[in-house]
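> Pasting a predicted model and its sequence here:
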Amino acid sequence: MKRSEFINYSFIGATLISLVFSILMWFFVEKQPGIFIAIWVPSILGFWIFTKFTLISKISLKLYLLWIIPTMASLLFSIGLWFFVDELSGIFVGVWVSSIILFGSITISGENNK
């Protein structure tokens, strides 16, 4: 199996696991944890699409860091809020992650097209 195929299957597997786990949590355990897990599905898909269609080696380090640091910070902040402050706040901040990934993807792809 090629490295690119392995990466593709890994992202697809992570997406399916998150999706199934969030549905099971929603129906059989509690709704809020199901929502919290479900917000990672578009984030995983967005990151996979970004890595699949963008040549990361052609991105400047400054632009890459301006994209990846806020993504990771909001991910960690969301998890911290969920466990230590309030579950709804964790969900609210967790929605930012997919938005930042999308914004970064659009910005970086626009930069590559110049």
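Nice, I can see it. Numbering: from 1, shown residues only.

> what sits up against the helix-or-strand element of the chain with minimal mean pLDDT?
In the chain, the helix or strand scored least confidently by mean pLDDT, DSSP states H and E is helix 40-53, which has a mean of 74. Contacts of helix 40-53 with the rest of the structure, by CB atoms under 8 Å, 6 or more residues apart in numbering, involve 7-8, 11-12, 14-15, 18-19, 22, 75, 94, 97-98, 101-102, 104-105, 108-109. All C-beta spots, glycine's among them, are computed from the backbone N, C-alpha and C.

> List the buried residues for that helix?
Trp40, Val41, Pro42, Ser43, Ile44, Leu45, Gly46, Phe47, Trp48, Phe50 (16 or more other CB atoms under 10 Å).

> Dump the next helix or strand after it to CSV, restricted to CA.
Where DSSP states H and E defines the elements, the next helix or strand beyond helix 40-53 is helix 61-84. These are the backbone C-alpha positions of helix 61-84, laid out as CSV (Å, rounded to 0.1, in the frame of the first residue of the first chain):
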residue,chain,number,x,y,z
LEU,A,61,6.1,28.5,6.6
LYS,A,62,4.7,31.8,7.8
LEU,A,63,1.4,31.1,6.0
TYR,A,64,1.2,27.5,7.2
LEU,A,65,1.9,28.6,10.8
LEU,A,66,-0.8,31.3,10.6
TRP,A,67,-3.2,28.5,9.6
ILE,A,68,-2.2,25.6,11.8
ILE,A,69,-1.5,27.4,15.1
PRO,A,70,-5.1,28.8,15.5
THR,A,71,-6.5,25.5,14.4
MET,A,72,-4.6,23.5,17.1
ALA,A,73,-5.2,26.2,19.7
SER,A,74,-9.0,26.2,19.1
LEU,A,75,-9.0,22.4,19.2
LEU,A,76,-7.2,22.3,22.5
PHE,A,77,-9.2,25.2,23.9
SER,A,78,-12.5,23.4,22.9
ILE,A,79,-11.4,20.1,24.6
GLY,A,80,-10.3,22.1,27.7
LEU,A,81,-13.6,23.9,27.9
TRP,A,82,-15.6,20.7,27.4
PHE,A,83,-13.9,18.9,30.3
PHE,A,84,-13.1,21.7,32.7
